[in-house]
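**Student:** only geometry, no sequence info:
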């Protein structure tokens with residue numbers, strides 16, 4: 001029996017119950033974390049059904065896989081134009097040093113021509129961009145100017161979800177974007193933790209999505 005001078009018989013069952021609850025919560029958290037860890041790569045990759053559009057937009061980076069994918073879609077007849085974005089850097093900094101820099105858009109154009117896209121079907125969008133948000137705004141502005149309704153945006157696999165989110169947040173009333181991943185991209189969504197490049201892609205996209213969800217408070221250094 002419990003006696004006034006021996007309260008431990010009451011506290012021990014309560015302590016055991018508390019530890020069981022904590023262990024259960026910790027176990028659920030661990031399982032949830034494992035599910036997120038192994039599933040985040042696949043969750044990042046989203047694509048929209050293809051249909052004809054005003055233009056195919058090639059986002060900067062990952063050259064030449066995005067450009068090659070855009071050329072393939074052009075040959076399949078999904079659009080009659082390809083739009084390239086271009087960055088002011090590092091060209092502006094190199095110009096101050098007296099060093100010429102053609103720019104990624106220049107080489108993307110060469111790749112497109114090599115892949116059978118006529119030069120007059122390739123257009124470089126203004127103004128110069130710094131990040132993906134700038135590219136989305138430039139593409140949407142061009143779409144409105146050209147009185148189009150839809151563009152196909154080609155990017156890499158892990159980048160697709162963020163591109164879709166940014167279009168919906170930044171330019172929801174300026175037409176529709178069909179987001180497509182470059183088929184030649186080597187990103188492995190099921191085993192992204194096996195290579196440094198894939199792991200860095202996942203971390204970068206996770207942080208980029210978080211920034212977009214909270215309203216883009218972080219801006220790139222200019």
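**Tutor:** Perfect, thanks for sending it. On a predicted model such as this, the values are computed, not experimentally measured, just so you know.

**Student:** what's the nearest residue to the residue positioned nearest the centre of the chain if we skip its chain neighbours?
**Tutor:** Taking CA atoms, centre = their mean, the centroid of the chain lies closest to residue 159, which sits 2.2 Å from it. For residue 159, the nearest residue in space outside its immediate sequence neighbours is residue 205; the separation is 6.4 Å by CB to CB, 6 or more residues apart in numbering. C-beta: built from backbone N, CA, C; applies to glycine.

**Student:** For the helix or strand the one you found falls within, which helices and strands make contact with it?
**Tutor:** Counting by DSSP states H and E, the element that carries residue 205 is helix 196-213. The contact analysis (3 or more CB pairs under 8 Å, 6 or more residues apart in numbering; DSSP states H and E) places helix 196-213 against helix 8-44, helix 160-170.

**Student:** What are the contacting residues of it?
**Tutor:** Helix 196-213 is contacted from outside by 40-41, 44, 132, 156, 158-159, 161-162, 165-166, 169, 186-188, 191-193, 217-218, using CB atoms under 8 Å, 6 or more residues apart in numbering.

**Student:** Buried residues, that helix. List them.
**Tutor:** By 16 or more other CB atoms under 10 Å, the buried positions in helix 196-213 come out as 198, 201-202, 205-206, 208-209, 212.

**Student:** pLDDT and distance to residue 150 for these - can I get that in a markdown table?
**Tutor:** As requested, the buried residues of helix 196-213 are exported to a markdown table (pLDDT from 0 to 100; distance: CB to CB, whole Å):
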| residue | pLDDT | distance to residue 150 |
| --- | --- | --- |
| 198 | 96 | 30 |
| 201 | 96 | 27 |
| 202 | 96 | 29 |
| 205 | 96 | 24 |
| 206 | 94 | 28 |
| 208 | 95 | 24 |
| 209 | 96 | 24 |
| 212 | 94 | 22 |
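
**Student:** which among those gets closest to residue 146?
**Tutor:** The shortest distance between residue 146 and any of the buried residues of helix 196-213, using CB to CB, involves residue 212 and amounts to 26.1 Å.

**Student:** Not counting sequence-adjacent ones, nearest residue to residue 43?
**Tutor:** Of all residues not flanking residue 43 in the chain, residue 161 sits nearest, at 7.2 Å (CB to CB, 6+ apart).
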